[in-house]
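Novice: what's the 3D shape of this:
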Amino acid sequence: MANENIKKVKAADLELKERVVATNRVTKVTKGGRIFSFAVIVVVGNENGIVGYGLGKAREVSTAISKGVEDAKKNLIQVPILKGTIPHSGEGKYSGANVFMKPAAPGTGVIAGGAMRAVFESVGVKNVLAKSKGSSNPHSVVKATIGALAKMRDAYTVAQVRGVSLDKVFNG
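Specialist: Residues are numbered from 1 along each chain as shown. Got it, this is the predicted structure:
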């Protein structure tokens, strides 16, 4: 049921900004010596509710980044943002990474660690309180954060799904 609410977005006519979250140098040892390559995780977003992540691997960092950006453009999702923050508290889990996020008052800023901060800035959230527990692996943290953001629903969407008016959602 959670996957029904995820809104996929096409990257065709969006102004997307890219952020490199982590770069990892990987070595393959052969009998001829060591072969170095780079694995990069990239987060792209339009800073107005659309975000995606991608992985890129190549022999050079710049090529890996461009591959990551292309992969990220294929995985874009729409996230509801209300007054610069998220609509409600949420939790996400991927592998060993657990993330918790909570809406914050205007002027609070993005209170979040490395990989989570990149995701929030890319999606356009200005005020949020967030905590990452468990694994600090950037790949897992980014996937857990985007998974939690994908589960976010605003009041209008909830009213539409339930088939009731907007004031009925708040006044029960």
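Novice: My guess is residue 28 contacts residue 34. True?
Specialist: Yes: when contacts are counted by Cβ atoms under 8 Å, residue 28 is listed as touching residue 34 (7.2 Å). The way it works is simple: take the backbone N, C-alpha and C, and place the C-beta from them, glycine included.
Novice: Could I get the average pLDDT for stretch 17-31?
Specialist: The average pLDDT for stretch 17-31 rounds to 94.
Novice: okay, that stretch in PDB with CA atoms only?
Specialist: C-alpha atoms of stretch 17-31 as PDB (Å, rounded to 0.1, in the frame of the first residue of the first chain):
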ATOM      1  CA  LYS A  17      20.800  20.500  -9.100                       C
ATOM      2  CA  GLU A  18      23.200  17.700  -8.200                       C
ATOM      3  CA  ARG A  19      25.000  17.000  -5.000                       C
ATOM      4  CA  VAL A  20      27.700  14.300  -4.600                       C
ATOM      5  CA  VAL A  21      27.100  12.600  -1.300                       C
ATOM      6  CA  ALA A  22      30.000  10.200  -1.200                       C
ATOM      7  CA  THR A  23      32.900   9.100  -3.400                       C
ATOM      8  CA  ASN A  24      34.500   5.700  -2.800                       C
ATOM      9  CA  ARG A  25      37.700   4.500  -4.400                       C
ATOM     10  CA  VAL A  26      37.500   0.800  -5.200                       C
ATOM     11  CA  THR A  27      40.500  -1.400  -6.000                       C
ATOM     12  CA  LYS A  28      40.400  -4.600  -8.100                       C
ATOM     13  CA  VAL A  29      43.600  -6.600  -7.800                       C
ATOM     14  CA  THR A  30      44.700  -8.600 -10.800                       C
ATOM     15  CA  LYS A  31      47.900 -10.400 -11.600                       C
END
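Novice: Which parts of it count as buried, going by neighbours?
Specialist: 18, 19, 20, 21, 22, 23 (16 or more other Cβ atoms under 10 Å).
Novice: for the fifth one, helix, strand, or coil?
Specialist: At residue 22 the chain is in strand, as set by DSSP: H, G, I helix; E, B strand; the rest coil.
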